[in-house]
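> how does the following fold in three dimensions:
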Amino acid sequence: MNAGGSIVLLLVAVGWVEGSIAATIADYRNDYATATFPPCWVYQWNAGGAIGNTNSFSDLMWSADAGVWNVDGGSPFPRPVGYYVNVNSMGGHPGPGPAEGAPVDRYVIAGYTLPVSTTLFVTGSLLRVTDLSGQVDLRLYVNNIPVRTLTTIQGNTNFETRFDGWLGNWSAGDIVYVTVGPSSSHNFDGFLLDYSLSDKPQPAHRTAVEGDSFTNQFRTVAPRQGWNYLWNSDGPIGNPRNYSPLQWNGTRYERDTDSTFPDETPAMWVTLFGPNGGHPGQGTGHGAPYDVYAVASLCVPVDGRYVLTNAWVNNTDAGSVSLIVHVNTNAPVVFLNGLTSVSSPHRFGTDLGLLNAGDTVYIGVGPDGDENNDSFVWDFTILLRGGRSTLMIIR
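Below is the predicted model:
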């Protein structure tokens, strides 16, 4: 800068540029209201048929005596129809299922109509069945389109099931439904619930991209903020809408929290059993419609250039696995197959390019068509190499 006050333009490489903060569009507990539905919200149950068809939904009614939304606005519980169906400020209770003679599982439903077109994320989520004897299913829909499913969530007094993640790009007027059902029986199925709908994900903890490896970032019970442990429950690998969270069952992450393992097809052996590895699910060679992958994902917290480094995988048994790395719905940046046990692990480090805050990196290991003998070990680091160049004006 000279004495005349001229402008000097400096092109500066910024090593850490904070991404834009997620805007909360809706929040279950903060928006909850009594007597009349809060703006854009509706509380319902599937009185007319199976969940997944909005034509089967009926509005709940406010019960001043019970202090909840239930099927007829009356009290006490159980009600003649719907039994314990209710929505309250902290969660609710589903209705009966086939174990009680109902033709279908009766879900409680929180619906939110989007006021604007947006990319949509679930953030800050929790679901806990408060009695150890209960279990529920959770299903998310946008309109009639399923976008996330978690089944047989067991009662637990120590931790909550999380269902954060990307829901896709949706338009004003689309309705997001978070539904909780009885998993066949409604006994002991009272639950706590909270979640937000946001235009960006909650950012990962800063150290997640400062050189710390997956092994060090791994957490039991629930993933560290920004991470998810997933499997492609609803379709081929590569499309995050097909992914569902793996659930901690006390010793490992798998399809559900019960003691049965392997799980029903096509999940079978899919698991992340600890910080060092896991096992993929069923392969097409054994009748699955698509290879089932165990997936770890990281939502990057800031704009910048990222690399995948110190990345390796190895099969510890006699089978072979495949490995994929993709960002959002983009084409894979890495795809390797036929990976067998070797003395020096298979490397898959790569440049991930310029990513925006909220972009998600997915790394999955699949059965390469045949899930037999496919236990794997791995590690990797998603590292921020530098921020975007920023034009600074100094006067």
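> alpha carbons only for contacts and neighbour counts from here, please
OK.
> where are the low-confidence patches of the stretch 1-150 of the chain?
Scanning the stretch 1-150 of the chain for pLDDT under 70 picks out 1-22.
> try it again at 90.
Low-confidence regions of the stretch 1-150 of the chain, defined by pLDDT under 90, span residues 1-24, 123-126, 130-133, 147-150.
> same deal with the stretch 251-395 of the chain?
In the stretch 251-395 of the chain (pLDDT under 90), the answer is 257-260, 274-276, 299-307, 309-310, 317, 342-344, 355-359, 383-395.
> and if we set it to 70?
Ranges of the stretch 251-395 of the chain meeting pLDDT under 70: 386-395.
> can you pull out the strands in it?
253-254, 271-274, 277-279, 294-299, 302-315, 320-327, 334-340, 346-347, 350-355, 360-366, 376-386, 389-394 (DSSP state E, counting those that start in this stretch).
> run the chain-centre distance for the first one.
Yep, that's strand 253-254 we're talking about. 13 Å (C-alpha atoms, centre = their mean, to the nearest Å).
> show me what it is packed up against.
strand 247-248, strand 271-274 (3 or more C-alpha pairs under 8 Å, 6 or more residues apart in numbering; DSSP states H and E).
> circling back to that earlier point, highest mean neighbour count out of the strands of the stretch 251-395 of the chain?
Mean neighbour count (mean count of other C-alpha atoms under 10 Å) peaks for strand 253-254 among the strands of the stretch 251-395 of the chain, with a mean of 27.
> who's in contact with it?
229, 246-248, 269-274 (C-alpha atoms under 8 Å, 6 or more residues apart in numbering).
> could you pull out the helices for the stretch 151-300 of the chain?
Taking DSSP state H, counting those that start in this stretch as the criterion, the stretch 151-300 of the chain carries its helices at 214-217.
> could you redo the helices and strands packed on strand 253-254 as TSV and give each row distance to Glu100?
Shown next, in TSV, are the helices and strands packed on strand 253-254 (distance: least, C-alpha to C-alpha, whole Å):
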stretch	distance to Glu100
strand 247-248	27
strand 271-274	32
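> looking at those, which is nearest to Gly190?
strand 247-248 (19.4 Å; C-alpha to C-alpha).
> I figured Arg347 hits Leu323, correct?
No - the pair Arg347 / Leu323 is not scored as a contact, 10.4 Å apart, by C-alpha atoms under 8 Å.
> returning to that earlier point: turn the strands of the stretch 251-395 of the chain into a markdown table, including distance to Val71.
Shown next, in a markdown table, are the strands of the stretch 251-395 of the chain (distance: least, C-alpha to C-alpha, whole Å):
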| stretch | distance to Val71 |
| --- | --- |
| strand 253-254 | 35 |
| strand 271-274 | 39 |
| strand 277-279 | 44 |
| strand 294-299 | 39 |
| strand 302-315 | 45 |
| strand 320-327 | 43 |
| strand 334-340 | 51 |
| strand 346-347 | 57 |
| strand 350-355 | 47 |
| strand 360-366 | 40 |
| strand 376-386 | 49 |
| strand 389-394 | 56 |
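> quick one: which of those strands is nearest Gln217?
Closest among the strands of the stretch 251-395 of the chain, using C-alpha to C-alpha: strand 376-386, at 9.5 Å.
> tilt between that closest one and strand 334-340?
With axes from the mean of the first three to the mean of the last three C-alpha atoms, to 10 degrees applied, the angle from strand 376-386 to strand 334-340 works out at 160 degrees.
> and strand 376-386, C-alpha only, in CSV?
Extracted in CSV, the C-alpha atoms of strand 376-386 (Å, rounded to 0.1, in the frame of the first residue of the first chain):
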residue,chain,number,x,y,z
PHE,A,376,-11.0,-57.3,5.6
VAL,A,377,-8.7,-54.9,7.4
TRP,A,378,-8.1,-51.3,6.3
ASP,A,379,-7.2,-47.8,7.2
PHE,A,380,-7.2,-44.4,5.4
THR,A,381,-7.0,-40.7,6.1
ILE,A,382,-9.0,-38.0,4.4
LEU,A,383,-6.7,-35.0,4.5
LEU,A,384,-7.3,-31.3,3.7
ARG,A,385,-4.3,-30.2,1.6
GLY,A,386,-5.3,-26.6,1.2
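> and it, which strands flank it?
Strand 376-386 pairs in its sheet with strand 277-279 (antiparallel), strand 302-315 (antiparallel), by DSSP bridges.
> what's the offset of it from the middle of its chain?
So, by C-alpha atoms, centre = their mean, the centroid of strand 376-386 is 21 Å from its chain's centroid.
> so it versus strand 320-327, what angle?
Going by the same axes, to 10 degrees, strand 376-386 makes 20 degrees with strand 320-327.
> so strand 376-386 versus strand 350-355, what angle?
40 degrees.
> quick check: nearest residue in space to Ser184, chain neighbours excluded?
Gly97 (4.3 Å; C-alpha to C-alpha, 6 or more residues apart in numbering).
> I misspoke; the intended subject was Tyr107.
Gly181 (4.1 Å).
> isn't the one you found up against Val129?
No - in this structure, Gly181 is not within contact of Val129 by C-alpha under 8 Å, at 11.3 Å.
> coming back round to it: let me have the strands paired with strand 376-386 in JSON lines, extended by distance to Ala66.
Conversion of the strands paired with strand 376-386 to JSON lines gives the following (distance: least, C-alpha to C-alpha, whole Å):
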{"stretch": "strand 277-279", "distance to Ala66": "47"}
{"stretch": "strand 302-315", "distance to Ala66": "46"}
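> so which of those strands gets nearest Ser171?
Of all these, strand 302-315 comes closest under C-alpha to C-alpha, at 25.4 Å.
> chain center to the closest one: distance?
Using C-alpha atoms, centre = their mean, the offset of strand 302-315 from its chain centre is 21 Å.
> wait, doesn't Ser273 sit right on Thr251?
One thing to correct before we go on: residue 273 is Phe, not Ser. Yes - counting by C-alpha under 8 Å, Thr251 is a contact partner of Phe273 at 7.1 Å.
> number of residues surrounding the residue nearest to Ser184?
20 (other C-alpha atoms under 10 Å).
> check Phe218 too.
17.
> tell me the contacts of it?
Counting by C-alpha under 8 Å, 6+ apart, Phe218 has contacts 224, 274-275.
> right, I'll call it a day here.
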